[in-house]
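>>> Give me a model of this one.
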Amino acid sequence: MLLPLLYILIPSQILLIAPMPAFVEAYVTAYSATETSRHNPGGLNAMGLKPQWLDVACPRGLRLGQRVEIMGYPFICRDRYAKWLDDERDLPTFDIFSTDYRSALDFGIQKVRVRIIN
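Sure, this is the predicted structure:
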């Protein structure tokens, strides 16, 4: 099985770091359109689409469109997680889109294994 590769982007060069493992230990959070509209008035994700159920903001080491499985559910990486927040944590963060602001808050921060799907 071929594994996705983790890349680090540096202006004018791309460094190949290591194969991305099939599972990664990660923090998972949730966000909603309410939060998105404060920082992004158009409400579009990094792929230029309106966020929808089963969308997730992923670390920059994964390509947009990459499929992942979180807590038994299939998600598609259609957005990027805030780099400055990722830099503060010891693990990558995946941010699940929720249609409800209260549900996103109640979800909190959870440490789980995320499966990277080819």
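>>> Only C-alpha atoms from now on, for both contacts and neighbour counts.
OK.
>>> now what about the strand or helix carrying Ala26, what contacts it?
Following DSSP states H and E, one finds Ala26 within strand 23-32. With C-alpha atoms under 8 Å, 6 or more residues apart in numbering as the test, strand 23-32 has contacts from 91-101, 104-105, 107-116.
>>> which residue ranges form the strands in the protein?
For the chain, the strands defined by DSSP state E cover 5-10, 13-19, 23-32, 55-58, 67-70, 73-80, 93-98, 110-117.
>>> Quick check: buried residues in stretch 97-105?
By neighbour count on 16 or more other C-alpha atoms under 10 Å, the buried set for stretch 97-105 is 97-99, 104.
>>> okay, the residues you listed in TSV with distance to Trp84 and pLDDT next?
Below are the buried residues of stretch 97-105 laid out as TSV (distance: C-alpha to C-alpha, whole Å; pLDDT from 0 to 100):
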residue	distance to Trp84	pLDDT
Phe97	19	92
Ser98	22	90
Thr99	24	86
Ala104	20	90
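>>> Thanks again, I'm all set now.
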